[in-house]
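Participant: Let me see the structure of the following:
(chains A and B)
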Amino acid sequence: MTRTLKALNYQVTVAKNFTDIDDKIIKKVQETGQSLEEITTHYIASYKSEMRALGVVDADIEPKATESLGAMESLIQKLIAKDIAYVVNSGDVYFDTSKDENYGSISHQVVDDEENQSRVEHNSEKRNPKDFALWKACSSEQDICFETSFSKGRPGWHVECSAMIEKHFEGTDEYSIDIHAGGADLLFPHHENEAAQSRCATGHELSKYWIHNGFVNINGEKMSKSLGNSFFIKDALKVYDGEILRNYLISIHYRNDFNFNEEDLLNSKKRLDKLYRLKKRVTPTKASKPNIKFQQAIMSAMSDDLNISKTLAIIEEMISNTNDKLDENPKDKGLKKETLANIEFLDALLGLGGKEPFSYFQIGIDEKTKNTIEALIEARNSAKIEKDYEKSDAIRDEISAMGIEIMDTAEGTVWERL
RNA sequence: GGAGCCAUCGCCAAGUUGGUAAGGCCGUAGAUUGCAAAUCUGCUAUUCACCAGUUCGAGUCUGGUUGGCUCCUCCA
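Facilitator: Purely as a prediction, here's the structure:
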């Protein structure tokens, strides 16, 4: 989405916040004796490196909850002053959902009686069952907590996000930010609560648009530790190149659930392979300007709620048209330059096709093996010239046993890793 | 129990305000090739879970049925 908006000439400021104060982190601090910062620095760094491997554009702003406590305190104070938030005896601060007329407008969840709740939480200190904690007073001296005017404690989850947004974005009279993204599972209560807090504290809406992405399932099942089917991006990155994973992950509309499985991944890799084979055919050359119709067709598809399927269909069409023309006229320099420009356009827009095409097909093969392969190909070509096909086929078998596929093209024999 | 999402070819998956089913994988028939691979071309859903309705016309709208999924407690 960021790349598409930028390609449409919007000025985009991307923020990703880290809620680096939470129960799990605090628990880990107590267990390991490491400082909170030591723990979060490690996870934030690995998150960033994985996102980069997947070709996700870096955020312009990366606020942390620990650096935004002042903003949280002032947001909560504003709400207390308006009697929309209230402090209870323990020192906890709750948001009174009944004070916000628009509560529920984002998730369409009705704020009603306890009977609608599957499991009713019994907290007599709350005014309404749907009220949520803005601030939690610390229970013991060992807890990680921060001093505020209302109590010593730590922020609730929802307020962390709202405060960081208010701190970094001035916004307009109507909205703080334009687009708020997140997983569909966060719609309620998290986004609803974020919106309510900001609306009540600032008098304007938090975000103009909310977008929610679907879930990732593994082979048709929800990813979970108890099912034993969970894995991390870093595990996948050990097996597959980041661009191949990106190509797969990007291939399904963001709002749909994503069913991760190896068969589909390999299928989508074949599509990327085709793009790179075309790039091989037009390399080396200098890129000119991308084809306008191609460019416009893709931008129009992406502008339509990021219609990636349509975009991929347009790319397929471009690839086969170009291959067709190159079959007819292999030396069409103008076409080669335009095609390379088309691929560069795709690299900027989708983060695909940016690698040197020959190396793309040789990812994970060391120099020594490469030399062996080259030598075998040379031997096979000599045998072919002598029309000793028995020998040349034997060599090809030997090469394919190494997991390498070779293809004889007009420009000579090239090889790819299977 | 409450709120919401989804169901299109063997598999993945598009489908704008209702107008007569994209694309990929697989399969298959060819062109090309010493043979392959790569590349190209043709073929592959009278039909969109099911039933009923609205309409000149529905995958697209309405009602219902069946099946699958998510959220509704803490935590982020």
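Participant: next helix or strand past the helix or strand in which A:I298 is found?
Facilitator: For A:I298, the element it lies in under DSSP states H and E is helix A:292-303. Helices and strands here follow DSSP H and E; after helix A:292-303, the next one along the chain is helix A:308-328.
Participant: Let me know the average pLDDT across that following helix.
Facilitator: Averaging pLDDT along helix A:308-328 yields 95.
Participant: Hmm, A:G183 is touching A:H212, no?
Facilitator: Yes. The pair A:G183 / A:H212 is scored as a contact, 6.6 Å apart, by C-beta atoms under 8 Å. For the C-beta atoms, the positions are set from N, CA and C on the backbone; glycine is no exception.
Participant: quick one: which of these two has more around it?
Facilitator: More crowded of A:G183 and A:H212, by other C-beta atoms under 10 Å: A:H212, with 17 against 13.
Participant: and the more buried one, what are its bridge partners?
Facilitator: Under the criterion DSSP bridges, A:H212 forms beta bridges with A:G182.
Participant: ok, it - contacts?
Facilitator: Contact analysis of A:H212 by C-beta atoms under 8 Å, 6 or more residues apart in numbering lists A:A181, A:G182, A:G183, A:A184, A:L186, A:L187, A:R255.
Participant: Nearest to A:I308, out of those residues: which one, please.
Facilitator: Ranked by distance to A:I308 (C-beta to C-beta), the contacts of A:H212 are led by A:R255 at 10.9 Å.
Participant: Tell me how many other residues crowd that closest one.
Facilitator: A:R255 sits with 12 neighbouring residues when counted by other C-beta under 10 Å.
Participant: swap in A:K391?
Facilitator: 15.
Participant: A helix includes it, no?
Facilitator: Yes. The assignment for A:K391 by DSSP: H, G, I helix; E, B strand; the rest coil puts it in a helix.
Participant: Please give me every residue in contact with it.
Facilitator: Contacts of A:K391 by C-beta under 8 Å, 6+ apart are A:R380, A:A383.
Participant: if we can go back for a sec, give the buried subset of the contacts of A:H212 as a PyMOL selection command.
Facilitator: If you want just the buried ones from the contacts of A:H212 in PyMOL, going by 16 or more other C-beta atoms under 10 Å, the selection is:
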select buried, chain A and resi 181+186+187
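Participant: Now the two most distant members of the contacts of A:H212.
Facilitator: A:L186 and A:R255 (13.9 Å).
Participant: close to RNA strand B, is stretch A:304-324?
Facilitator: Yes. Contact of stretch A:304-324 with RNA strand B (C-beta under 7 Å from any atom of the strand) involves A:304-305, A:307, A:309-310, A:312-313, A:316-317, A:319-321, A:323-324.
Participant: quick check, nearest of the residues you listed to A:H168?
Facilitator: Relative to A:H168, and with distances defined as C-beta to C-beta, the nearest of the residues of stretch A:304-324 next to RNA strand B is A:D305, at 26.8 Å.
Participant: Just give the number of residues close to that closest one.
Facilitator: 12.
Participant: now swap in the one 4 residues further on and tell me
Facilitator: Neighbourhood size, A:S309 [other C-beta under 10 Å]: 12.
Participant: list the contacts for the closest residue to it other than its chain neighbours?
Facilitator: Take A:S309 and drop its neighbours on the chain: the residue closest to it by C-beta to C-beta, 6 or more residues apart in numbering is A:H253, 6.8 Å away. Residues near A:H253 by C-beta under 8 Å, 6+ apart: A:D305, A:L306, A:N307, A:I308, A:S309.
Participant: do the same with A:R154
Facilitator: A:I21, A:I26, A:W135, A:K136, A:C138, A:D143, A:I144, A:C145, A:F146.
Participant: and which of the contacts of A:H253 is nearest to RNA strand B?
Facilitator: Minimum distance to RNA strand B across those is 3.6 Å, recorded for A:S309 (C-beta to the nearest atom of the strand).
Participant: From A:K270, how far out is the closest one?
Facilitator: Separation of A:S309 from A:K270 (C-beta to C-beta, to the nearest Å) stands at 16 Å.
Participant: The nearest residue in space to A:L275 that is not next to it in sequence in helix, strand or coil?
Facilitator: Closest residue in space to A:L275, ignoring its immediate chain neighbours: A:G353 at 5.1 Å, by C-beta to C-beta, 6+ apart. Secondary structure, three-state DSSP: A:G353 is coil.
Participant: A:A341 is in contact with A:G353, correct?
Facilitator: No. With contact defined as C-beta under 8 Å, A:G353 does not count as touching A:A341 (11.5 Å).
Participant: Neighbour count: the two, which is higher?
Facilitator: The residue with more neighbours, out of A:G353 and A:A341, is A:G353; 24 against 20, by other C-beta under 10 Å.
Participant: In the stretch 151-300 of chain A, what residue lies closest to RNA strand B?
Facilitator: A:W157 (3.2 Å).
Participant: That residue: neighbouring residues, count only.
Facilitator: 19.
Participant: quick one, phi psi at the residue lying closest to it once chain neighbours are set aside?
Facilitator: Of all residues not flanking A:W157 in the chain, A:T19 sits nearest, at 6.4 Å (C-beta to C-beta, 6+ apart). The phi and psi values for A:T19, taken as degrees, to the nearest 10, are phi -90, psi 80.
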